[in-house]
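Visitor: what would the 3D arrangement of this be:
(one chain, ligands or ions: 3)
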Amino acid sequence: MMGAGKTTIGRLLAQHLSYRFFDTDAVIEQAATQTITQIFAESGEAAFRQLETQVLAQLSPYTQLVIATGGGIVLKRENWSYLRHGVVVWLDVPIEQLHQRLQQDTSRPILQDQKANLKEKLQALSDQRQSLYAQADLRITVMPDESATQVAARVMDAIAQKCQEKSQINERLRLMNQETPYQIEP
Ligand SMILES: Nc1ncnc2c1ncn2[C@@H]1O[C@H](COP(=O)(O)OP(=O)(O)O)[C@@H](O)[C@H]1O
Ligand SMILES: O=C(O)C1=C[C@@H](OP(=O)(O)O)[C@@H](O)[C@H](O)C1
Ligand SMILES: [Mg+2]
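Guide: Ligands and ions are numbered 1, 2, ... in the order given. Reported below is the predicted structural model:
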């Protein structure tokens, strides 16, 4: 979700891993030489979503990078084929924290006309997207008082564990394929 910490924690993860870091919103802003707010105002959300897909498609084949996406990346089915090139992490942050973080924010156009009932808007967006966020490989439930550094450390551990599980499964599959096939008596 917006405000969950994707940009902040993504950058920390990249530093820790010595990977390159890209934020799809920042790449779009640089390429369009417009802010996200200007793109929404002048070209509309659909145009923004197209740019978002283009940027993700261009970044996804690369390895050794961390991509922080916008919270709406999950909305297009096509985006999932690109996201699946990597390990997808869902930072699940309580609405109360998102609300606190985004009250003064002016850079997220979807929230700007709803400031009076920001919490309701966030709750509605979260409800709409919950089943999509749940398609992530990893869900990190962030505690209200957890710092970005602490969250980044937990994401690192969870990714390491996920990779270990995957390599164990692959090793088991490899061994199974090596076994002599069962012979049926004539
Ligand atoms: N764990 C955290 N604890 C407190 N504030 C955070 C934490 N993670 C991010 N923030 C703050 O919340 C705001 C939104 O973070 P950001 O990384 O831009 O989120 P996103 O990219 O998911 O929208 C920023 O002001 C950031 O400093
Ligand atoms: O959730 C969304 O639909 C959006 C999230 C934003 O990014 P963050 O999630 O980094 O705030 C940005 O892409 C745009 O304002 C739309
Ligand atoms: Mg962001």
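Visitor: tell me where this protein has helices.
Guide: 6-17, 24-32, 36-43, 45-59, 77-83, 95-102, 109-112, 118-133, 148-178 (DSSP state H).
Visitor: to ligand 3, which of those helices lies closest?
Guide: helix 6-17 (3.4 Å; Cβ to the ion). Any C-beta I mention is one placed from the backbone N, CA and C, and that applies to glycine too.
Visitor: who touches that closest one?
Guide: Helix 6-17 is contacted from outside by 19-21, 23, 25-26, 64-69, 71, 91, 148-149, 151-152, 155-156, using Cβ atoms under 8 Å, 6 or more residues apart in numbering.
Visitor: ok, now with 6 Å
Guide: 21, 23, 66, 68, 148, 151, 152 (Cβ atoms under 6 Å, 6 or more residues apart in numbering).
Visitor: the closest residue in space to the first one that isn't next to it in sequence: neighbour count?
Guide: Among residues not flanking residue 21 along the chain, residue 14 sits closest, at 3.5 Å (Cβ to Cβ, 6 or more residues apart in numbering). Taking other Cβ atoms under 10 Å as the neighbour definition, residue 14 ends up with a count of 19.
Visitor: so where's the chain shaky on pLDDT?
Guide: 180-186 (pLDDT under 70).
Visitor: residues touching the residue of it found nearest ligand 2, list them.
Guide: With Cβ to the nearest ligand atom, the shortest gap between the chain and ligand 2 falls at residue 70, namely 2.2 Å. Residues in contact with residue 70 (Cβ under 6 Å, 6+ apart) are 24, 25.
Visitor: how far away is it from ligand 3?
Guide: Residue 70 is 6 Å from ligand 3, where distance means Cβ to the ion, to the nearest Å.
Visitor: got the phi/psi numbers for that residue?
Guide: Main-chain dihedrals, residue 70, degrees, to the nearest 10: phi -80, psi 160.
Visitor: and the helices of the chain as a markdown table, adding distance to residue 139?
Guide: Putting the helices of the chain into a markdown table (distance: least, Cβ to Cβ, whole Å) gives the following:
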| stretch | distance to residue 139 |
| --- | --- |
| helix 6-17 | 14 |
| helix 24-32 | 20 |
| helix 36-43 | 26 |
| helix 45-59 | 20 |
| helix 77-83 | 14 |
| helix 95-102 | 16 |
| helix 109-112 | 23 |
| helix 118-133 | 8 |
| helix 148-178 | 9 |
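Visitor: give me phi/psi at the nearest residue to residue 96 once chain neighbours are set aside?
Guide: In space, and not counting its chain neighbours, residue 96 is closest to residue 144: 7.1 Å by Cβ to Cβ, 6+ apart. Residue 144 adopts backbone torsions of phi -50, psi -40, taken as degrees, to the nearest 10.
Visitor: quickly list what residue 91 is bridged to.
Guide: residue 140 (DSSP bridges).
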